[in-house]
Structure formats: C-alpha cells, structure tokens
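Build me a structure from this.
(3 chains)
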Amino acid sequence: MIAELGHFALALAVAFAVAQAVLPLWGAWRGEARLMQAAPALALGQMIALAVSFGCLVLVSVNDDFSVLNIAENSHTLKPLLYKITGAWGSHEGSILFWCLILALCGGAVALFGNPLPASLRARVIGILGATACGFDLFCLIESNPFARLWPPPANGRDMNPLLQDPGLAFHPPILYAGYVGFAIPFAFAIAALLEGRIDAAWGRWVRPWTLGAWCCLTGGIALGSWWSYYVLGWGGFWFWDPVENASLLPWLTGTALLHSAIVVEKREALKTWTVLLAIGTFALSLSGTFLVRSGILNSVHSFANDPARGVFILGLLAVIIGGSLLIFAIRAPTLGGSGLFAPISREGALVLNNILLCSIAAVVMTGTIYPLFADLLLDQKISVGPPFFQATVLPLATPVFLAMSLGPTLSWKRAALFPAMLRLWWAALVALAVGVFASFGMAALPAFAMAAAAWMIFGALAEIVERIRLFRLPIGSSFARLVALPLSTFGTTLGHAGLGVTIAGIAGMSMSTERVVLMHPGDTVDVAGYDFRLVELHDAKGSNYNARVATIAISRNGVPLVTLAPERRAFTTQVMTTTEAKINTNFFRDLYVVLGEERDGAAVMRLHDNPLAPWIWFGALIMAAGGACSLADRRLRIAAPTRAASPKNTAPKNTVQA
Amino acid sequence: MNRRWLLAAPLAAAGLAGAGFWRMLSGMSSGNFDPRGVPSMLIDKPLPDFALPGFTAADVRAAGHPVVINFFASWCAPCIDEAPTLVALSRAGVALWGIAYKDKPAATDAFLARHGNPFTRLARDEPGVVAIDWGVTGVPETYLVDPKGIVRWRFSGPLPIEAAQALAGRLRA
Amino acid sequence: MTRKRRRLMVVLACAVGLGSAAALTLSAFSSTLQLFVAPSKIATEAPRGGRVFRLGGLVETGSLQRIIQNGSPGASFRVTDGGASVSVSYIGILPDLFREGQGVVALGSLQPDGSFAAQEVLAKHDETYMPPDVADALKKSGRWKPGQGAPPASALWDAPDWNQAKQAGG
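Next comes the predicted model:
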C-alpha cells in the first residue's frame, strides 16, 4: 500500500513537472502574468510530491517490505536501521528517485527564495528546472521504478554489501548529488537569460549563491568519496584517475571556473556569453558523467550494461537537455551584447586566466577519460590511459593556476599594476621560498616545489586579509576592528584559496609516502620510513555477522613504543565476501597505515604505509567547502539587495568584495 | 559570420560526442562493442582442435551448419542471468552447443535441470584445458563457428537479449 | 585598449591555453598511452624499452609459483592466449579473483630477457560475481578498482527461494 502511494506520488510529480515546464514558459513568452505566477506553486507541488514518494520508499525500506523488488535486492531484516534509511538512495532505482527529489528541491528553493527576481526571469528559471525534472521523473517512473513489486516475495532480502555499510559512504551520495544537481540552477538561470536575451550584473549576483552552494556540495562529495576509498578500501591511495572519479572532477573544474567568471559578470558585466556557456557546460558534464557511468560505457571494470534500454533512454534525455540548451545558446547568445573593457593585467584578466587554465585542465582530463572509448570505437584499438598521463598533463597546467591564485585577488578591476601587487605579497613569497628550500632537503624536486606552491597559496591568501586590515601598520586594535568589519565573502575567498593550498601540501606529502608489502612471521620487525612495525601475533575474532582474522602490530620509533594497531580481514557469512579493515594511526602530520593481506605458512602478507601529511588532503577540501559556505552566508544577507535598474558602474565599487 | 559559427561549435562537439556514445551503446547491446573486453585471437581463424567427452572439434566442423558454442559453469552467477536468454535462443532454432567449464558433472546437470537446458550437445571440460586453447577469459563466453569451422564472432560475459536477437537474425539470414 | 584589441588578447590567451593543453596531451599520449597486447602478438606489437602496456590472457594452469623478493611476497606465472605464452613476474598481493586458468590483465613492461614484469595485476570476472546494484553504488562513488586490494563484492545467487521469486516476478 505504501509502495503504491509512493508510486502514485511519483506519477503526480511527473504531472506537476510537465505543468511546471509548460505553463510558466508559455506565460513568460506571451507575457501573461497569471501563468507566470503559477510557477512557484507548481514547483512546490512537485517538490512535495517527490518528498512524499521518497518518504514512502524510506518507509518501505524500514518496514522490510520484500515484496518491493528494490528492497528485496538491497536490504535484509538484520540490516541496521541507519542503513535501511540510507539504503533508500543506495540502489540504482532509489538513487534516481533521490536525484529527482534534489532537482525538485532546487526548483522549490528558487520558488521560495526567488521573490526578488523579476517575474519573467523567475518563471523561466522555474520552467527550465521543470522541463529538466520532467525528463528525470519520467526516467524514474518508466525505466527505473523503485516501487516495482515482486511476487511471491522472498523470505528475506539479499542484503547490502558490507563495504557499503559505512557511514562515510551512506552520506556520500546525497552530498555528491546535491553538488551535481545543484548546478541545475545556474543552468536554468543561463537558459532563462538566453531566452530573455539579457544578462546584467544583477543576473550575476543571483546566480553566484546557487553556484557556490552546488560547488560546496560537490567539493565535499568528492572529498568524502576520496576519504572513503582511503580508509575503507585499504588501497592506501586517495585518487586513482578512474573514469568515475574523473566524471566527478570535470564538473568541479568547470564549476570552479563558473564561480569565478560569474564574479566578472556581477562586477563588470563582461564575459557574459562565456559564463552562460560555462553554466550549461557544467551541468552537462554533471549529467553526462554520472549517467554515462550508469549506462555501462564509462566504468572501470565489469560490464553491467544488462539493460541497454536504460542507457538509450538516458542518452536520449541528455540529447534533449544538452543538445537543446546548446542549440538555444547558438541561436540566442549573439543577443547578449558586448561587455566591459579591461586591460590584460587586471582582476578581470586574472579571472580570465583562471578560466582558461581550469577549462584546459578539464579538457585534458576529459580527453584522457574518453579517448580510449573513441579509439576503440573508431580505430579499433584497445588502449588505456593511466595516472601517468594525467600527471603529465594536469600538473603543468595546474602550476600557473597555483602561482596566479595568490596574485589575482590583490589586483584591482579594469587596470592594475603587477609590480605593486607583487610587492604586497613579498612576505608570502619569502615564506614559500623558505618552505621550498627546507622541503628540498627531504623531498624530491617536484614535491618540494609543490610544498612551496602550497605555502605560497596559503600565505598569499592570508596576505589579502593582512593587507586589508593593515596589520602592523595600524594599531592592533583598529586592525582588529577592520577584521571584524570585513565582509564574510573576503574570508570565503581566503579560505577557498588557502584550503586548496592545504590540499596541495597534503598531496605533495602523500607523494613522498613509503609503502612496503612484506611477508611477516609473528615476531618479525620491518622498518618503514624510520618506524619499526612489529607483528606481535595473529588471531581469530568473531563479529556480529562476520569472522575476522586480526593481526596485532606494534609500532615504535627508535625503541619508543608509539601505538598498537589491529588491522583485520573480515569474512562475511551472508554475503560470502571478505573485506579488508585497514587501520590508521594519525597525528595530523602523517598517517601510519597497515593492511592485513592473505596468509601463507604461518606468515602474513602485510602492507605497511607511512603517509606524510595525508590528512591534509581532506582537511584542505573541508576548508575549501567552509570557504564556500562562508561566502554563501554573506550572500544570503544581500540576496534581496540587487535590483535590475542599477547600472553596472554603481554596483561595482572598486576594490570590494568578491568571494 | 565568424562569431555565429564559434557559438555553434559547442553544439557540434556535443552532437558528435553524443553520436559516438550512441554507437557505443548500440554496439554494446548487440555485442559488437565491448569497451573493457579483451579482443579474441580466434576471430576469423579455424577453431582450435579439441576432444572432450561430449563432442570434439571434428563434430563441430561436421555439423554442416553454424554452431554457437557457449562456455558456462554451474558456479558462475552471470551464467544464471544468461540462462533464460540461451533458452530463448535455442527456441529460436539456433544450434547451441555447451561446454561446461571446470565444473563437476553432477553440478552441471543440476544447473541445467534448474535453469533449463538450451544445449543440443554438451561437452565437459573439467580440467579447463580446452578453454585455454580457445582463449576464454571467463565464463560465460559465447562463440559463433561457421560451417567451415571458422570462428566468426565472440561475446564475453552474459549475452544480452539484444545480442542474442542479433545473433539469431544473423543465423537466419 | 579598444574592444578589438581586447578580443584579440582574449583569443590569443585562449589559443595559448588550449594549444598548450593540446601539446601536453599529444606528448603525454605518445609516452604514456598503454596499448593492449595479447601474448601471441607480443613479438610484433609490444612496445620495447620499458614502456608500460597491458598484457591480457589466461593464467596457464600449473604455472603459478609464489616467490619472495627482498622480503616482499610475489608470484610468477605464465599468461597465454592459446597462441603463445609469456612469463610474468609480479611483486605484491595478487587480487582475490586471481586463479589459474582464469583471465587476467597485467599492467607492466617487457624485460630484456623477454619476460613481463607486472606492476599491477587485474583479474577478470569469474565465479565471484558482483550484484549490479552494488557495482552501481561503487561505480557511482568511483571506488571500484580491482587489483588494488579486496574485491568490493561477491554474492551467491543460490538461494532457491530467491531465484524462483525472481523468475516469477519477472
């Protein structure tokens, strides 16, 4: 019964989505105010219908209703309640429904917070979101119905993979999806602007908070996924340049570019056409990445294209959404009009450089990801592209980004002088140089350089704040007063840039990690990077639904005992699989990481890692996301402020605030 | 006008990529494109010689019609997925010969009894030696051998319905 | 600075950016692309000089030997495609799916003596089968790379009630 209710609510959502797509767009086209006013109500209706539908799915899952195919395949009576709830978005069908729900939430958010928008723009944005939602709701209803029944119901479900029963992974998809789907709002704004034939500073100001929100979620989602693979899968790495990882990196790169180019639209009314294209491109990459993964084309190993109809449906949907929006772009973009002038050395110039480099990186990553497929299709060559390719291409393109990142925010709009800007950063450069020289004693050239770049980014970002509060040039009290008065978005920029610096430092440290795979008898001691790992003993242990083999490893340095770790290999009985429980000891500056492998003649294969600065990778991402949130908090206060009538000159006082 | 063309470039690029992905998808469902597959060495080569309890290479050559040879095992879960497709294929009149790979005879028989036996002839490759000569990368795997004994087509993994339909159509033509 | 000059500057900057990206891609392609080579084509197609490529085939039955090099465990085995066979050595932990007689893909390079030194070994599909939904979840999150360690999944489909239910329910 609950399942039928959920199914009905889903069908209702499709009806709402169709109305949401047709009525407001028609109204905006014909200038009929009443049709345009219907938009928010329809968007809220769709949101509520999908919320009910998803709630039903959660309820069915919690109730262990195994007559629902989706639940029978993924759940089990003994599964902990938390995973019964999170399992609702764990399966393919559930995740599609969840995806639709987030899209509907985006529409609802515009409906609720979009009051300051001009009526026609709001109607168009909601209409475009409705049209997009229409496609996905239909896909969910027709091709992957999460409420499909199964008769006769099995006595119990097939259970969820134990590896997936992890809090990190349980909350990874929602955050990542919120990032992917969140870019639907800038996309809708872009299409609406094309339809209106008008983009101005106010448009830039409306688009930025939504972009920021989506970007924060995507940053968090990628970081969480990377952390999960590091600590759960026990591979000891954090990024494998796997096609699926690249699919999430691509929208992040273009989304970051969008974040920056929207500033130029907001402050200077330049780069309009480019910003619109970026908004479309970012959402297109979000969609095609995730959905091509599902169709089985873009995945790493097994071919599960056991449902090619699904892939064809997705591709058709993508063709309509992406093709349609790019067609509108090709036709309407020339009407957007010219843009403000600026010198190459200026804030705008720096942001253009940022965009060019980020998009070049995205292009390179995309080429590496899909080239093997096209080589197979067109040239009949079996080729693969591995991490060496990405390292060889991404690093040279990312280096100028890192170098210019600290300089950009200190330049003034329109025209700037490079030399005074550099003078203001002299001490950051000095710190970076010192870090580089210091690091070069213990590190290879490339990681040492990366450490210097990271220091440059972190202290360059701080220098911006130091400069603005006139630290040490004014009495400390008035500096503090200035600090408090600084807009939050300034801290956002600083945190965002410094966070990337921290991540880069972590990656540089990680590249110096030591890994040893050794065969150890109990009592053996192995030296890894100055730490002595002693295998004390091996024993069996019993868990709630698994049997484990546990190794006790005592780690000491120069005879001083540090810590004892107990990595495990777990054999799960119901799912007939083993998992590796890596154990990590961290002191924030390095991780000691041990994995227990197979056993042979009383000896165990152990994988021992010393990973310097590893936690910084995810800590940096956290800082970045916090920076985005900081900017967002600032923008929310001013979200009602912009009005269309203002001329760009008035909205862009020199040298203020960008995030 | 120059600028117009430039603005249409993203559409063109997306269109080309889309067309490519569409060809990949249709190739994947018909079994002609496998982005992760290992190419077979046997295509357009004579089938390797073998003699197994059940049938031999000579039997395949002497059949006088195209033969579809399917490597399977009772312990392989994808084979269970594939079973209904194979039964449908044999009902469509395709000569389907099975080779049970590294499987105990009793287990094979139980598997066929439970999931249906689509095979007109069944051979048993318990040691898995013949599979090596064929270059089987895993079960299930399906080969098409023409009446002259030349291997014409191979599919690695469970056969999708579309690929089975394409195969039946090809044999009817 | 006129509009025209500014546009020229932007176009130039784009050209430099995309040009360097293209140049980097091409140069990286020429040095890092990994070809797929079968054992019988190794004499004609395999790149020499330590260049990394992928070797795919079956693990010859009876050829697997465990070895220990400098205290690190490893294995040596022969990979065949029916036409020829190549001896492969690997230091590290073999994936759990690795079996004699099963398909394998090894990433590595040819040694001067004609043997293959693998850096990474990936086992192909066999009796351990990952349910599509789990694969989906893992793929979605980008965390499915066998050969690096524990295979993320395997579930037996043998529960009879389950199979009957599935067939009946479609």
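
what's the helix or strand encompassing C:Ser27 packed up against?
Here C:Ser27, judged by DSSP states H and E, is contained in helix C:3-32. Here helix C:3-32 touches helix A:347-374, helix A:387-407, going by 3 or more Cβ pairs under 8 Å, 6 or more residues apart in numbering or on different chains; DSSP states H and E. Placement of C-beta: from N, CA and C, glycine included.

Mind listing what's buried along it?
Across helix C:3-32, burial judged by 16 or more other Cβ atoms under 10 Å in any protein chain shown covers C:6, C:9-10, C:13-14, C:17, C:20-21, C:24-25, C:28-29, C:32.

from those, which is closest to A:Pro561?
C:Thr32 (43.8 Å; Cβ to Cβ).

With respect to burial, which of the helices and strands packed on helix C:3-32 scores highest?
Ranked by mean neighbour count, the helices and strands packed on helix C:3-32 are led by helix A:347-374 with a mean of 23 (mean count of other Cβ atoms under 10 Å in any protein chain shown).

can you state the direction angle for it and helix A:387-407?
Here helix A:347-374 points in a direction 170 degrees away from that of helix A:387-407 (axes from the mean of the first three to the mean of the last three Cα atoms, to 10 degrees).

Now do helix A:347-374, average pLDDT.
The predicted model assigns helix A:347-374 a mean pLDDT of 92.

angle of that helix against helix C:3-32?
40 degrees.

Show me how far helix A:347-374 is from its chain's centre.
Remark: helix A:347-374 is offset 17 Å from the chain centroid, using Cα atoms, centre = their mean, to the nearest Å.

follow-up on the earlier one: A:Gly492 is nearest to which of the helices and strands packed on helix C:3-32?
So among the helices and strands packed on helix C:3-32, helix A:387-407 is nearest, using Cβ to Cβ, at 14.3 Å.

so what does the closest one touch, helix or strand wise?
So helix A:387-407, by 3+ Cβ pairs under 8 Å, 6+ apart, packs with helix A:347-374, helix A:418-424, helix A:445-468, helix A:488-510, helix C:3-32.

now the third one and helix A:387-407, what's the angle there?
For helix A:445-468 against helix A:387-407, the angle by the same axes, to 10 degrees is 20 degrees.

Repeat that for the last one.
In terms of direction (the same axes, to 10 degrees), helix C:3-32 departs from helix A:387-407 by 150 degrees.

Show me the residue sitting in the middle of chain A in space.
A:Leu218 (2.1 Å; Cα atoms, centre = their mean).

Domain ranges for the chain, per the record?
Chain wasn't specified; assuming chain A. Following automatic domain parsing, one gets these domains for chain A: A:2-341+A:352-360, A:515-614.

Correction: the question concerned chain C.
According to automatic domain parsing, the domains of chain C span C:36-123, C:132-163.

three-state assignment of A:Gly107?
Under DSSP: H, G, I helix; E, B strand; the rest coil, A:Gly107 falls in the helix class.

ok, it touching A:Ala131?
No. With contact defined as Cβ atoms under 8 Å, A:Gly107 does not reach A:Ala131; the gap is 10.5 Å.

biggest helix in chain B by residues?
Using DSSP state H, we find that the single longest helix of chain B is helix B:2-30.

Around chain C, which positions in chain B sit nearby?
B:38-39, B:41-42, B:48, B:73, B:75-78, B:80, B:84, B:102, B:114, B:127-129, B:131-139, B:157 (Cβ under 8 Å from any Cβ of the partner chain).
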